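**Q** Need coordinates for the below:
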Amino acid sequence: MPSTLQRKFWSCTLNILPHAIIGILFGVLIVTSVSSYAEEADAARPLLTSDQFHSILHQDAKLLDEAGTIESFLDALDGTPPNWKEIYGSDGAGHDERLFALNRERDRLREGHDGLTNRLMFLWAGELSTYDAERSGFHVAIGPKLIPTRWGLVRFKPENLPSNFVAVPPRTLNESLQKRVRNGERIEIDVALTGRLLPDESIIYDFAHDESGQGMVMPVVRVERVGYILKQ
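**A** Predicted coordinates:
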């Protein structure tokens, strides 16, 4: 017969054990979720040659990289460009309040617009950096492009970007690209970002920081796909 002390010990153990198991399983689920997200965020993508670029263009994605195409896109979505001179004023005083009012009104008028559900693609500038032997690819340094249009300077603003960009070249180009990078040559690429506009804050109107009164238009895109295109 077990003693009173032994019965108490096993009673406490049986009460604690299910909670411990649940805690361990919950911890495993958290670690698995984080690991899966990290793998997806850091996933490498093929480095395409310019003649392969069509392979990442999809029928439901509109490429916005030239002034005319961007202007047509903004015309359809927001109608007319802002009156930047009026918003900025003679000396810039009070322009923050006028910008806030402009953005709030444009967001309201844009609600429910069909253009918010369309998938679009834009290009950022990229450059091959250090070679990662484990992934058989190059880390990529990226930066935004500024495109002058009659709406103002357009700069696409991506959301949900991967935490690490790695471009994997074809085997036929791998060694030659590694040699060029080791020799200090700049290898420029295009980084194709595909996604949809954020529904609540799809376009931000602002002024450029380095040029007084210069209007800027920033479409905000939740990124779904990334592609790399070799320019040289």
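**Q** doesn't residue 213 make contact with residue 152?
**A** No - contact criterion CB atoms under 8 Å: residue 152 and residue 213 do not qualify, at 10.2 Å. Placement of C-beta: from N, CA and C, glycine included.
**Q** So for the two, which sits in the more crowded spot?
**A** Set residue 152 next to residue 213 and count neighbours by other CB atoms under 10 Å: residue 152 wins out with 21 against 15.
**Q** burial measure for the residue nearest to residue 197 when sequence neighbours are not counted, as a count.
**A** Excluding its sequence neighbours, the residue lying closest to residue 197 (CB to CB, 6 or more residues apart in numbering) is residue 116, at 5.3 Å. Other residues lying near residue 116 total 16 when counted by other CB under 10 Å.
**Q** again, but for residue 139
**A** Residue 139, neighbours per other CB under 10 Å, totals 16.
**Q** swap in the one 4 residues further on?
**A** Residue 143 has 9 neighbours, counted by other CB under 10 Å.
**Q** Now do it against residue 72, distance only.
**A** To residue 72, residue 143 is 25 Å away according to CB to CB, to the nearest Å.
**Q** try residue 126
**A** Residue 126 is 26 Å from residue 72, where distance means CB to CB.
**Q** Counting neighbours, go ahead and name the busier of the two.
**A** Shown here are residue 126 and residue 72; by other CB under 10 Å, residue 126 has more neighbours (24 against 13).
**Q** other SSEs contacting the one helix or strand the more buried one maps to?
**A** In this assignment (DSSP states H and E), residue 126 forms part of strand 119-132. Packed against strand 119-132 by the contact rule (3 or more CB pairs under 8 Å, 6 or more residues apart in numbering; DSSP states H and E) you find strand 61-63, strand 137-143, strand 166-168, helix 171-182, strand 188-197, strand 215-230.
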